[in-house]
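Participant: Quick one, structure for this:
(chains A, B, C and D)
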Protein chains: 2
Amino acid sequence: MNDRTEKRTVRSGGTEFIYDQILGAIFERKLQPGTRLKEEELCEVFGVGRGGVRKVLQRLAHENLVEIIPNSGAFIAKPSIKESKEVFQARRLIETELVKELCRQFSPDKRRALEEHVAHEQAAHDAGNHNLRIRLSGEYHLLIGKLADKPVLTEFLREIISRTSLIIALYERSKSVKGHVGSAPCMDHRALIDSIENGDADQAVQLMRDHLLGIENMLDLEPPPKETVDLKSLFAG
Amino acid sequence: MNDRTEKRTVRSGGTEFIYDQILGAIFERKLQPGTRLKEEELCEVFGVGRGGVRKVLQRLAHENLVEIIPNSGAFIAKPSIKESKEVFQARRLIETELVKELCRQFSPDKRRALEEHVAHEQAAHDAGNHNLRIRLSGEYHLLIGKLADKPVLTEFLREIISRTSLIIALYERSKSVKGHVGSAPCMDHRALIDSIENGDADQAVQLMRDHLLGIENMLDLEPPPKETVDLKSLFAG
DNA sequence: GCTCAAATAAGTGGCGACAATCTTGGCATT
DNA sequence: AATGCCAAGATTGTCGCCACTTATTTGAGC
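Facilitator: Next up is the predicted model:
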């Protein structure tokens, strides 16, 4: 039974491991959008055949995290501005619904799970581990869906949260103020727990919405001017 | 049917064709939940190698339309009652949002596209083509998302609409009243167009919600009583 | 007649090799 | 000097074979 996983990580269960590794790298921004993922390279790194790697890449492609160009290769996806805005819209839609659900069916156990997670976030923040903090922040949102006991919506959420990582990596306004913006979400997450515990669904929903809008507003999602004009003026000056 | 362009389709886009065929069969209930999909069989039918078939099956598995049991085979998924309810909840959530969006940005072209589609539905209904009507009904909802210009949400919707087909196939209350229940949706679809055109977003949302609730209420999603208790009372009586 | 077990058959999973295609570098031409 | 072209290298896509797992059937024992 469990021998199968113990036998060889190379076998069928190995693909799950590869997927998690790549997903984690995306969450922690170690894989920037546009990065090329060569099959052979991944084979060497994870010690599996190309078949396994290709399966993982196909899955990531279906989740819109990598773009596979036929006969050319697989690249970490670069969500467009329009797509990014829609991702945030979808997040607001789904996450506010999940918060509502969680308010409806709350319990001390769930509260403890949330607080524990936020504590981890705080620890990561205090330790200055920015990448880990970002990852945990995403997992916090996922935890809400999980605790709300809504697997279908949570699965969708998992996908768009992953995409959000790519979006932030692409359109982050200014890298120098990372430390500043990094402190806010933890507080938002704490405040949200309180609202949920008080059963104040409306307030919780509003907090979640503001929280997501806050993240979106940290990004630069303004459509850039046309490049042709830029090139011209650039060479003219 | 038997396209002799197989050699072409094998090369690049062949898998897309297979995917569409299987998806269409699911939409039209020709593939019932639990049906086994043998790789070799599909190879013969579509004239492709096992690699292509396996890729399609993986994709369908990721969309929760087929369940792949390792070393055993691929089967058309059988959504649980709990999962089915959540799918309908997700549909209400996403589709009401899409309707709102469509109200915000409506145009004569979009109205014509919707009316044209409903006309096709009506034609299929009049022709007594029940399977085609079901398929077109699903595509109507998808068309709303497409016209609302929200690819991300529409992609999610596409997945859960496919799942809805499986759910209906599993939990349809009574097969004899198909003709009756078949006439209602067309009218709902027409009424929705009018509301959208009038810019009455609230009414349109309400219509969509009622429409989806109506579909859900046609199903038998009551959890069956526990068998252990039944056994007891059975022997007592 | 029934149950269990072993052998056989069937089907999936994975791996390697070959073919098709894209990219890159150099070269000739304008 | 810039551009188009061609060939070599590199990378992906596909096919066929073999190993492993699972399902089925058959046979023996109770």
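Participant: how close does the nearest residue to A:I196 once chain neighbours are set aside get to B:K100?
Facilitator: Nearest residue to A:I196, sequence neighbours excluded (C-beta to C-beta, 6 or more residues apart in numbering or on different chains): A:A204, at 5.0 Å. C-beta coordinates here come from the backbone N, C-alpha and C atoms, glycine included. Between A:A204 and B:K100 the computed distance is 22 Å (C-beta to C-beta, to the nearest Å).
Participant: could you pull out the helices for chain A?
Facilitator: According to DSSP state H, chain A carries its helices in the segments A:3-7, A:14-27, A:39-46, A:50-62, A:81-104, A:108-126, A:130-147, A:151-171, A:178-197, A:201-217, A:227-236.
Participant: Kindly reformat those helices as CSV containing distance to B:G49, mean neighbour count and mean pLDDT.
Facilitator: Output for the helices of chain A, formatted as CSV (distance: least, C-beta to C-beta, whole Å; neighbours: other C-beta atoms under 10 Å in any protein chain shown; pLDDT from 0 to 100):
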stretch, distance to B:G49, mean neighbour count, mean pLDDT
helix A:3-7, 27, 10, 33
helix A:14-27, 21, 18, 93
helix A:39-46, 19, 14, 93
helix A:50-62, 14, 19, 96
helix A:81-104, 34, 20, 98
helix A:108-126, 46, 16, 95
helix A:130-147, 38, 21, 93
helix A:151-171, 30, 21, 97
helix A:178-197, 49, 17, 77
helix A:201-217, 45, 17, 96
helix A:227-236, 43, 9, 55
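Participant: give me the number of residues near the nearest residue to A:P33 once chain neighbours are set aside?
Facilitator: Here the nearest residue to A:P33 in space, its sequence neighbours aside, is A:K78; by C-beta to C-beta, 6+ apart that works out to 4.3 Å. Other residues near A:K78 come to 16 when the count uses other C-beta atoms under 10 Å in any protein chain shown.
Participant: didn't A:K78 look like it was pressed against A:L31?
Facilitator: No. Counting by C-beta atoms under 8 Å, A:K78 sits too far from A:L31 to count as a contact (11.9 Å).
Participant: so who does the residue nearest to A:I196 touch?
Facilitator: A:A204 makes contact with A:V99, A:K100, A:L102, A:C103, A:L192, A:S195, A:I196, according to C-beta atoms under 8 Å, 6 or more residues apart in numbering or on different chains.
Participant: Kindly recompute the last result at 7 Å.
Facilitator: A:V99, A:C103, A:L192, A:S195, A:I196 (C-beta atoms under 7 Å, 6 or more residues apart in numbering or on different chains).
Participant: do the same with A:A74
Facilitator: A:L37, A:L57, A:A61, A:V66, A:I68.
Participant: Could you report the separation of it from A:T15?
Facilitator: Distance, A:A74 to A:T15, using C-beta to C-beta: 15 Å.
Participant: do the same with A:V48
Facilitator: Counting by C-beta to C-beta - A:V48 and A:T15 are separated by 7 Å.
Participant: ok, A:E28 touching A:L136?
Facilitator: No. Distance between A:E28 and A:L136: 10.1 Å, which falls outside the contact criterion (C-beta atoms under 7 Å).
Participant: just to revisit the earlier point, in CSV, list the contacts of A:A74 along with distance to chain B.
Facilitator: Output for the contacts of A:A74, formatted as CSV (distance: C-beta to the nearest C-beta, whole Å):
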residue, distance to chain B
A:L37, 18
A:L57, 11
A:A61, 10
A:V66, 14
A:I68, 11
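Participant: Now flag whichever of these is closest to DNA strand D.
Facilitator: Closest to DNA strand D out of these is A:I68 (5.8 Å), distances taken as C-beta to the nearest atom of the strand.
Participant: Now do the contacts for the residue in chain A positioned nearest to DNA strand D.
Facilitator: For chain A, the residue closest to DNA strand D is A:E39, as judged by C-beta to the nearest atom of the strand, at 3.6 Å. Neighbour list for A:E39: A:R50, A:V53, A:R54 [criterion: C-beta under 7 Å, 6+ apart].
Participant: Can you tell me how far the first one is from B:T154?
Facilitator: Looking back up the chat, that one is A:R50. Applying C-beta to C-beta to A:R50 and B:T154 gives a distance of 33 Å.
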